[in-house]
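Asker: Curious how this folds, go ahead:
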Amino acid sequence: MHAALRMIDANLNRAREGLRTVEDVARFGWNDARIVEEAKALRHALQAAIASIPAADLAAARDVAGDVGTTVEGAAEYRREDISAVAQAAVGRLSEALRVIEEAAKSLGDGALARAVEAIRYRSYTLAADVTLRASRAKARQFALCLLLTRALCRRGVLEVARAAVAGGVDLVQVREKEMDAGELVAHVRAVRAVIGAGTTLVVNDRVDVALAAEADGVHLGTTDLPIAAARRIAGPRFLIGASTHSLDEARAAVAAGADLCGVGAMYTSALKPGLAPSGEAYLRAFVAEFPGVPHLAIGGIAPGRVEALARAGCRGIAVSSAICAAEDPAAVARSLRDELRAGQRDDAAASGGEGGRGCEGCVRHCGTSCKAAAANPASNPASATGCAEQAPRACGGGGCG
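Answerer: This next block holds a predicted model:
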């Protein structure tokens, strides 16, 4: 009996610690209220289930000094890649600890406790899946310039436009062709891939089936398209899923459902969607304030001359269509848009106070360290020696943190 109580006591502590760790990562690192609520609910359910064993009995069975396991270390026990890895490790320990408590309760003849903990363990599997999916989103890339590629808007050939736009700095191409049937669209997406190369991310508007058939990197879904959660079940965790949002309520729903990237708009009146009333910079500012770590693309009527203001409002990426598609020189327009974005981000970083401001936070999100810390210790991060210069234009506008 004493050994069973020791096992329950140790694993109860392990389970509580795991749940608290997940809860705090979701709360402070991800701003994910749904995972916070589920972790808290499981913690309370576990406390209620274990109440059948007097706390004094568990305390009496505890023997930290005599626990031979305290000196055993795993190879990676003191290393975690980031806070998402911390949460994944914690939720992994949770299910293991719950299983030990369940089995030890059986040995004590406490079937009610075993059944209660079994039910919590099954709920923990859902939590583990949610944490794994959310952790994969935490690594999602912040794109700088997305081209909404639509053949009818192109002054030149659509593939020529795609090739030139990528040469000018487009790092994400979204194929948007509402009128093509599935077979034609699959062939078209493959042709676009052939000209932009594997180094540029390629997504398809609306059609998960086409994106998968054409081996694109992802899909962008509107508010009336296939639900994000359903698309995730079909396409898997590594498939990039973008979502259109026009309000904070839509953004909250998209992030909670598992979107990797949010379209934020419309910023201005758009030729692509003339009937959509602009949400403007106010919505952009509100989005960035509530979801600072969620990749986004400001969209809608964006053209040269408008980007610096958006960047000063906190924008880290933009999506454009006719500004590039209809241009005589798509590469030059793409370069101009990237230059404006960098200039506005430098202004925003300076206004935010340099080290510790929004710009430095951006570097930490991308590189795992600030520019200043990387310069002081290049070995501190694998990307620091060369990656900071590459990442800074996306994160803090290229000016660095100090």
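Asker: okay, now the domains of this protein?
Answerer: 2-138, 145-351 (automatic domain parsing).
Asker: could I get these as JSON lines with mean pLDDT?
Answerer: Listed next are those as JSON lines, based on pLDDT from 0 to 100:
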{"stretch": "domain 2-138", "mean pLDDT": "90"}
{"stretch": "domain 145-351", "mean pLDDT": "93"}
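Asker: what's the most buried one of these?
Answerer: When those are scored by mean count of other Cβ atoms under 10 Å, the highest mean neighbour count falls to domain 145-351 (a mean of 20). In short, each C-beta sits where N, CA and C put it, glycine included.
Asker: gap between the two ends of that one?
Answerer: Taking Cα to Cα, to the nearest Å, the first and last residues of domain 145-351 lie 23 Å apart.
Asker: other SSEs contacting the lengthiest helix in the chain?
Answerer: Ranked by residue count, the top helix of the chain under DSSP state H comes out as helix 111-138. On a contact count with 3 or more Cβ pairs under 8 Å, 6 or more residues apart in numbering; DSSP states H and E, helix 111-138 meets helix 33-50, helix 83-107.
Asker: Output the ones you listed as a markdown table; include the columns distance to S244.
Answerer: As requested, the helices and strands packed on helix 111-138 are arranged in a markdown table below (distance: least, Cβ to Cβ, whole Å):
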| stretch | distance to S244 |
| --- | --- |
| helix 33-50 | 21 |
| helix 83-107 | 25 |
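Asker: of all the ones you listed, which lies closest to G265?
Answerer: Nearest of the helices and strands packed on helix 111-138 to G265, taken as Cβ to Cβ: helix 33-50 at 24.0 Å.
Asker: relative orientation of that closest one and helix 111-138 in degrees?
Answerer: 160 degrees (axes from the mean of the first three to the mean of the last three Cα atoms, to 10 degrees).
Asker: what sits up against helix 33-50?
Answerer: Under the contact criterion Cβ atoms under 8 Å, 6 or more residues apart in numbering, helix 33-50 has outside partners 8, 12, 15-16, 19-20, 22-23, 26-27, 98, 101, 113, 116-117, 120, 123-124, 126-127, 130-131, 134, 256.
Asker: Would you confirm that N205 contacts R176?
Answerer: Yes: if you go by Cβ atoms under 8 Å, N205 and R176 touch, sitting 4.1 Å apart.
Asker: Identify the contacts common to these two.
Answerer: Between them, N205 and R176 share the contacting residues L148, judged by Cβ under 8 Å, 6+ apart.
Asker: ok now the longest helix of the chain, how far from the chain's centre?
Answerer: 21 Å (Cα atoms, centre = their mean, to the nearest Å).
Asker: after it, next one along is what?
Answerer: strand 145-149 (DSSP states H and E).
Asker: Other residues contacting that next one?
Answerer: Contacts for strand 145-149 (Cβ under 8 Å, 6+ apart): 158, 161-162, 165, 169-176, 192, 205, 272, 297, 299, 317-321, 324-325, 334, 337-338, 341.
Asker: what packs against the following helix or strand past that strand?
Answerer: Next helix or strand after strand 145-149 toward the C-terminus (DSSP H and E): helix 158-168. Judged by 3+ Cβ pairs under 8 Å, 6+ apart, helix 158-168 is in contact with strand 145-149, strand 172-175, helix 182-196, helix 322-325, helix 330-351.
Asker: relative to helix 182-196, how tilted is helix 158-168?
Answerer: 40 degrees.
Asker: Need the contact partners of helix 158-168.
Answerer: So helix 158-168 is contacted by 147, 149, 151, 154-156, 173, 191-192, 195-197, 200, 324-325, 329-335, 338 (Cβ under 8 Å, 6+ apart).
Asker: got the angle between it and helix 330-351?
Answerer: Going by the same axes, to 10 degrees, helix 158-168 makes 40 degrees with helix 330-351.
Asker: tilt between helix 158-168 and strand 145-149?
Answerer: Using the same axes, to 10 degrees: helix 158-168 against strand 145-149 is 180 degrees.
Asker: Many thanks, have a good one.
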